[in-house]
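# Sequence plus predicted model, see below.
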Amino acid sequence: MKIQNPSVNLYAYLLVLTLTLSYALYLIEVSDILLLYEIFISIPIAITLIWSIGLVVLIVIKIKETGQQPSWLPVLLSVTVLLAYSLHFGSRNGLFDGEKVLDGAFLDDRSRMDLTLYSNGKYTIYSNWLFGEERLEGQYELKGDTILFKNYPVVGTDFIAQKIIINKEEGRIYFRKLSDGTYDKDFYFSRIGF
């Protein structure tokens, strides 16, 4: 019976630990607990993911050098964490929401708001600024060129009206109403497909 090389198993368990830490940080970031400090979580997430790739490379090198495989437990744990991570990331980014019906982006000097409508009647809005991102979601109804948000207010304020208008010829979505009830066509609009 061959004794497994402890360094292969050590790297394999370090991979489990690193992936788990990265996933835990990702869960903190997407739960918007530390909304104003998300950039300080994104950096460690990137570092742990790069470290994980390095550990996989080291494991492959050790396997080639020694010809021995890591034990099944760290491999199974790594695959489980990686699968959970991937499915959660995919779910959060519309992988299971059906076909995209419309994509639009609102840009200003300090922030960006991305609106995505899906065929299952769900919308997501990512509101980004220098230090973080907030994700909002809900249901919508499309009637001709009008989108009616069922969850209102959409972003916690009346910045986006409950009914917004799509103008496909101009490639714009108008969403901010003026005091007289008409839509602001000067600045407050999203660009479709941006």
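Now that the structure is in, tell me what you want to look at. Numbering: from 1, shown residues only.

# any weak-confidence spans in this protein?
1-6, 35-36, 109, 130-132, 155-158, 176-178, 181-182, 187-189, 193-194 (pLDDT under 70).

# Looking at the record's assignment, how would you partition it?
Here the domain parsing of the chain from automatic domain parsing is 6-92, 100-192.

# want to throw those domains into CSV with mean neighbour count?
Glycine gets a C-beta too; all of them are placed from N, C-alpha and C. Listed next are the domains of the chain as CSV, based on neighbours: other C-beta atoms under 10 Å:
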stretch, mean neighbour count
domain 6-92, 16
domain 100-192, 15
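
# which other helices and strands contact the longest helix anywhere in the chain?
If you go by DSSP state H, the chain has its longest helix at helix 39-66. Using 3 or more C-beta pairs under 8 Å, 6 or more residues apart in numbering; DSSP states H and E, the elements in contact with helix 39-66 are helix 6-30.

# For the helix it packs on, give me every contacting residue.
34, 38, 41-42, 44-45, 48-49, 51-52, 55-56, 58-59, 62-63, 66, 68-71, 74-75, 77-78, 81-82, 84-85, 88-89, 92, 135 (C-beta atoms under 8 Å, 6 or more residues apart in numbering).

# returning to what we had before: what's the spacing between the longest helix of the chain and its chain's center?
Put simply, helix 39-66 sits 21 Å off its chain's centre (C-alpha atoms, centre = their mean, to the nearest Å).

# what does stretch 103-121 give?
Per C-alpha atoms, centre = their mean, the centroid offset for stretch 103-121 relative to its chain is 13 Å.

# For it, measure first residue to last.
14 Å (C-alpha to C-alpha, to the nearest Å).

# what lines up beside the lengthiest strand in the chain in the sheet?
Secondary structure of the chain read by DSSP state E shows that its longest strand is strand 132-143. Note on strand 132-143: by DSSP bridges, its sheet partners are strand 122-129 (antiparallel), strand 146-149 (antiparallel).

# Would you mind putting these into TSV with distance to G171 alongside?
TSV is the format used below for the strands paired with strand 132-143 (distance: least, C-beta to C-beta, whole Å):
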stretch	distance to G171
strand 122-129	19
strand 146-149	15
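
# Of all these, which one is nearest D103?
Nearest to D103 among those is strand 122-129 (10.4 Å), distances taken as C-beta to C-beta.

# That closest one versus helix 39-66: what angle between them?
100 degrees (axes from the mean of the first three to the mean of the last three C-alpha atoms, to 10 degrees).
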